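Colleague: coords please:
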Amino acid sequence: MLDPVSRVRRFNRAVTSAVGALDTSFLGRGRPLGAARVLNAIGHGRSDVGDIRDYLGLDSGLMSRLLRSLEDEELIETTAHDDDARRRIAKLTPAGKREFNAYEAISNRQAKDFLAHHSQREALLAAMDLIASALGRDATALHEMDPRSDEARYCLGEYYAELARRFKQGFDVKLSRDPDAKDMVRPRGSFIVAMSDGLPLGCVGLKGTSAEYAEIKRLWVAPAARGLGLGRRLMDAAEHAARELGIALLRLDTNSALAEAGQLYRRSGWTEIPRFNDDPYPDLFFEKRL
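Modeller: Next comes the predicted model:
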């Protein structure tokens, strides 16, 4: 049997081979994977060369060579930033847009074919999400968003579904003290979503109230991203937003079925207090003075 390190290396070799990382003509389009990734990043809306370099984890020298190769093929154009001549902006040419679309079509077709030939599609996707979240841990970014945005609604839907699975009595959001969206946008509150390369991985809400405190609501982390410290990052971000809004006292409620949530709150300075609302679902209540 393979030991853990050997299993990781076996996986790395399989991925390297499957994605064509060593091919001189990635997906048969005539250029290696690095140049194709730069073209893909630009095609998906990234234009600042420094941002693209950081996103792909490239050093400046390699980034320059890849940009030059794409310019030589007349697939991209680079210009100085309007407000800062030290920064460079890249955009696709018409030929570059056609090449980007070709890569997208081939990649989508390969992904669909791969999934179609596996009998445990959802388990496979869950494993991919788990690995991608672990590998992209440091690149997971927190963004303030409108709680009515698609990303926020996705997180809330997953959160409600998980509560329904884990609570003995199930969960019906209509019976819960569901916060109004306007209470989770500035200047009353905030809603924060964790994003990893286009996939929402978690959320938390800061709900403004008419009382002397605000509430932390809807903390959720995707199963694939648990154990990576994301819950603590979200809570820290919510507390930071509260300080910016001049909020000095926070409260929250939770259910003892969510044992990991209670542990997180106790470890991060929250104090258990008596019940402060009539929501039928929580049975634990906490407070923290900032």
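Colleague: residue 21 contacts residue 37, correct?
Modeller: No - using Cβ atoms under 8 Å, residue 21 is not in contact with residue 37; the gap is 10.2 Å. C-beta here means a position set from N, CA and C on the backbone, and glycine is covered the same way.
Colleague: who's more crowded, those two?
Modeller: Set residue 21 next to residue 37 and count neighbours by other Cβ atoms under 10 Å: residue 37 wins out with 17 against 13.
Colleague: and that one, what are its phi and psi?
Modeller: Note on residue 37: its backbone torsions stand at phi -70, psi -40 [degrees, to the nearest 10].
Colleague: got it, and the one 10 residues further on?
Modeller: Recorded main-chain torsions at residue 47 are phi -120, psi -30, according to degrees, to the nearest 10.
Colleague: go on, residue 7?
Modeller: Backbone geometry at residue 7, expressed as degrees, to the nearest 10, gives phi -70, psi -40.
Colleague: for residue 173, see how far away it is.
Modeller: Distance from residue 7 to residue 173, counting by Cβ to Cβ, to the nearest Å: 41 Å.
Colleague: okay, these two: which has more neighbours?
Modeller: Neighbour totals were compared for residue 7 and residue 173, and residue 173 leads with 14 against 11 (other Cβ under 10 Å).
Colleague: hmm, residue 159 and that one touching each other?
Modeller: No - shown here, residue 173 and residue 159 do not form a contact pair, counting by Cβ under 8 Å, at 9.5 Å.
Colleague: so where do the strands sit in the stretch 151-290 of the chain?
Modeller: Here the stretch 151-290 of the chain has its strands, by DSSP state E, counting those that start in this stretch, at 190-196, 199-207, 214-221, 249-254, 271-272, 284-289.
Colleague: beyond the helix ranked longest in the chain, next helix or strand please.
Modeller: With secondary structure taken from DSSP state H, the chain has its longest helix at helix 94-116. Using DSSP states H and E, the helix or strand that follows helix 94-116 in sequence is helix 121-135.
Colleague: so which bits of stretch 14-21 are buried?
Modeller: In terms of neighbour count (16 or more other Cβ atoms under 10 Å), stretch 14-21 has its buried residues at residue 20.
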